[in-house]
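Participant: Requesting a structural model of the entry that follows:
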Amino acid sequence: MAKPKRGRPPKNKKAIKKDQAEQEEGLKRSVLKEILAIILITVGVFIILAIIGVAGSLGKWVTDAIKFLVGQSIYVVPVALFGISYMLFAQEKHPLKTHNLVGILSFFICFSTILQALLGSDVGFDVSTVGNYGGVIGWGIYALVSPILTRWVLVFIFAMLTIISIIVAANARMKHIVQKLLPGRKDKEEKEADEGFKINNHSLPIKGTIGNDKPKEEEKEPAGPIVASFDKDWKYPPTNLLETTTTQADPGDAKANSNKIKSVFEDFGYAVDMKGVDIGPTVSQYALKPPSGVNLAKFNNLDKNLALALEAEQVRIEAPIPGKSLVGIEVPNKKNSTIRLRDIISSDEVKDSKSKLNFVLGRDVHGEIFTADLDTAPHMLIAGATGSGKSVMINTLIVSLLYRNSPSELKMIMVDPKRVELSFYNDIPHLLAPVIHDATGTISALKWATAEMQRRLTLLSEHHKRDIGEYNKQKGVDKMPYIVIVIDELADLMLVAAKDLDNLIVSIAQMARAVGIHLVLATQRPSVNVITGTIKANVPTRIALNTSSQIDSRTIIDVAGAEKLLGKGDMLFSSPSYVKPKRVQGVYLSEEEVTKVAKYLKEQREPQYNEEVLNQTSKMKGGVGVGVGGGFGDDEDDEMLESAAELVIQNGKASATLLQRRLRVGYPKAARLIDLLEDKGVIGPADGSRPREVLISSVDELRGGNSESE
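Facilitator: From the prediction side, this is the model:
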């Protein structure tokens, strides 16, 4: 039976014609409103001319009729007509509503009553003179109320009602009405606001080269490259291998943007006070003080309205700014400033850092240099969509470390499944092994790192030291270099050997900090299958670059926000040191710069690879065997796999049903054992519904193959 179609049923022809008729009718109605507005303007001008006395006998008759109704309030009638005309013309911005008309009508009633009380309180009703005071409306209301109220109390009450009617008619706060009526007061308040609004431009490069084709002088490099104190034969790379910044960010009209932001909040009933703007390299953060008692959670819902008003691609709201009683509105600049690594590593802030694992990230929204330290991280996850700047971020981290460490101080293992991202670094002396491209080598390297971690922990225990820093300060011991393992695309490897990788990464992440082994994991597919719960729990420092969805952002840093980033190195840095993720614009490091640095390092010294890194026996769970030879490995399933092999050899056939029944396992486990037996060459491939052929006669053949390979 076919399922009924869901959703809205299609409209029939009559309904479509009705919609078209309504649209045409709506168009005619808007035209009629404009015609009515023109008529009201004409009437208003005619009344003004009639009051002056240049509109002839018809004008005199019209003024007499109006005065009979509202008395001396006739002078306000043209103003009311012009106001209604404006609302009829500005239908989208200020549409004419019922409350506008009610407010105008109430105004004439109250104002006419006041005029009657002030000018004709002692005069009885006379058709010939009633127009000189409050008209028939004012006289009638005054006659009704005067027996129970004194004259001045009545004037006071109706004056308040007149003010209320103006507020209702204008549908605006009294403060805004006064500002429009008194331009001088508005200018004064704007001037005071301008004095309290500060524009801080932090996008300038450290070296003052803006506006010049060349710097005043080439940055003074040391007479020769700096020699490493830990390794007397090693010279650190000079900074002139890198490029410098020559551009400045342009946020556009910061004051105009500030007024637009303030206007949007006022449209939603929030009277905010703009405090200033910090111009960063990519975004400018406008700081505002919210009214007391407001729910800041509602501010976050206005990002699209702000983006519309500011004509911006994305607007991010930080409510509140950490450490301040202000809310930050982050707006993309019209022109960005490129951040270069040379400008930052040449700064005193970076030079004075004592940590060997300190690396550059970029600049924050306030334009301040932002660095991180792998020693305190102690492991890091970098994730973002394709084209968000992940590879440049990894290169910045690597080059930052290479500028601070000799090969005796730092060793690295690099994994690059794509084979193109980290190829620059092949054969630099800091590598423990050539750049790894497959899961086999990755698992072997991680197993070696786990064994090295255990060896180092034993040494620390024997010397009664807490960490690698204290150990290296001793005399008469072999110094232990830091080891940084960089995996550029975790997702590709997890598809092949997820369980092995997850276990090894977690093992290193939990225990390796004290012995100086650190992980840097990167992926462009931030799904829960790649960034597992155990990895997130043990890798607290995370960087989210631009993501395609809010879900991806939450997967990486546990909060939304990365989906609003602008790409090209715009990132959110999350760490236990910060209450909220910090927005940073990453450094731009070109391939030419990376090539120059790598070439300089290669020319100094040849690499000394450790063959053990890639020679660890391993078997990927859920995949094919990757150890040397085809025998059984050392994993927890080996015993059951051997039992399965013995069982199928004894029975002369192999099937998942047989293993289920005899080994008492579930079907998924039995099916996996069948696949592994086929991979080991124990049984042949499937042949329809027939049992698989057994290819060997004894389990000893497998054991023997394994021992020979070892």
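
Participant: Show me where this protein dips below the pLDDT cut-off.
Facilitator: Scanning the chain with the threshold set as pLDDT under 70 gives 1-28, 91-94, 121-131, 172-198, 200-231, 246, 617-639, 667-668, 687-690, 700-710.

Participant: the strands in it, which residues?
Facilitator: 198-201, 273-279, 283-289, 316-318, 327-332, 358-364, 369-373, 380-383, 410-415, 482-487, 517-523, 541-545, 570-574, 582-586 (DSSP state E).

Participant: Looking at these, which is nearest to residue 171?
Facilitator: For residue 171, the closest of the strands of the chain is strand 273-279, at 23.2 Å, according to CB to CB. No exception for glycine: its C-beta is placed from N, CA and C like everyone else's.

Participant: In contact with the closest residue to residue 480 other than its chain neighbours, which residues?
Facilitator: Nearest non-adjacent residue to residue 480, counting by CB to CB, 6 or more residues apart in numbering: residue 468, 5.5 Å away. Residues counted as contacts of residue 468 (CB atoms under 8 Å, 6 or more residues apart in numbering) are 456, 460, 480, 482, 514-516.

Participant: if we go to 6 Å?
Facilitator: 480, 515-516 (CB atoms under 6 Å, 6 or more residues apart in numbering).

Participant: Just the buried residues of stretch 317-328, please?
Facilitator: Neighbour-count burial for stretch 317-328 flags 317-321, 326-328 (criterion: 16 or more other CB atoms under 10 Å).

Participant: Between which two of these is the distance greatest?
Facilitator: 317 and 326 (11.7 Å).

Participant: now residue 101: how far from residue 84?
Facilitator: 8 Å (CB to CB, to the nearest Å).

Participant: With residue 698 instead?
Facilitator: Counting by CB to CB - residue 698 and residue 84 are separated by 103 Å.

Participant: which one of the two has more residues nearby?
Facilitator: residue 84 (20 against 11; other CB atoms under 10 Å).

Participant: Counting neighbours, what do you get for the nearest residue to that one once chain neighbours are set aside?
Facilitator: Once flanking residues are discounted, residue 84 sits nearest to residue 40: 5.8 Å by CB to CB, 6+ apart. Applying other CB under 10 Å, we find 19 other residues in the vicinity of residue 40.

Participant: what do you get for residue 58?
Facilitator: With other CB under 10 Å as criterion, residue 58 counts 10.

Participant: Let me see the contact set for it.
Facilitator: Residue 58 makes contact with no residue, according to CB under 6 Å, 6+ apart.

Participant: Adding neighbour count and distance to residue 560, write the contacts of residue 468 out as CSV.
Facilitator: Below are the contacts of residue 468 laid out as CSV (neighbours: other CB atoms under 10 Å; distance: CB to CB, whole Å):
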residue, neighbour count, distance to residue 560
480, 20, 41
515, 23, 36
516, 26, 35
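
Participant: could I get those as TSV with distance to residue 252?
Facilitator: Formatted as TSV, these follow (distance: CB to CB, whole Å):
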residue	distance to residue 252
480	53
515	51
516	47
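
Participant: Of the residues you listed, which is the nearest to residue 160?
Facilitator: Distance to residue 160, by CB to CB, is smallest for residue 516 among the contacts of residue 468, at 77.0 Å.

Participant: From residue 385, how far off is the nearest residue to that closest one once chain neighbours are set aside?
Facilitator: Excluding its sequence neighbours, the residue lying closest to residue 516 (CB to CB, 6+ apart) is residue 468, at 3.8 Å. The spacing between residue 468 and residue 385, counted by CB to CB, is 36 Å.

Participant: Pull out the buried residues from stretch 106-122.
Facilitator: Residues 106-117, 120 are the ones in stretch 106-122 that count as buried (16+ other CB under 10 Å).

Participant: do stretch 38-47 as well
Facilitator: Buried, per 16+ other CB under 10 Å, within stretch 38-47: 40-41, 44, 46-47.

Participant: Closest one of those residues to residue 311?
Facilitator: residue 41 (33.4 Å).

Participant: What is the burial count for the residue nearest to that closest one when sequence neighbours are not counted?
Facilitator: In space, and not counting its chain neighbours, residue 41 is closest to residue 85: 4.9 Å by CB to CB, 6+ apart. Using other CB under 10 Å, residue 85 has 22 other residues around it.

Participant: residues in contact with residue 85?
Facilitator: Neighbours of residue 85 in contact, by CB under 6 Å, 6+ apart: 37, 40-41.

Participant: So which of the residues you listed belong to helices?
Facilitator: The helices, defined by DSSP state H, take in 37, 40-41 from the contacts of residue 85.

Participant: Just put these in TSV and tack on distance to residue 593.
Facilitator: Listed next are these as TSV, based on distance: CB to CB, whole Å:
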residue	distance to residue 593
37	65
40	70
41	68
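
Participant: Sort out which one of those lies nearest residue 398 for me.
Facilitator: residue 37 (68.2 Å).

Participant: doesn't residue 90 make contact with that closest one?
Facilitator: No: judged on CB atoms under 6 Å, residue 37 makes no contact with residue 90 at a distance of 9.5 Å.

Participant: When those two are compared, which one has more neighbours?
Facilitator: Between residue 37 and residue 90, counted using other CB under 10 Å, the more crowded position is residue 37 (21 against 12).

Participant: mind checking how far the closest residue to that one other than its chain neighbours is from residue 41?
Facilitator: Of all residues not flanking residue 37 in the chain, residue 88 sits nearest, at 3.7 Å (CB to CB, 6+ apart). In this view, residue 88 and residue 41 are 10 Å apart by CB to CB.
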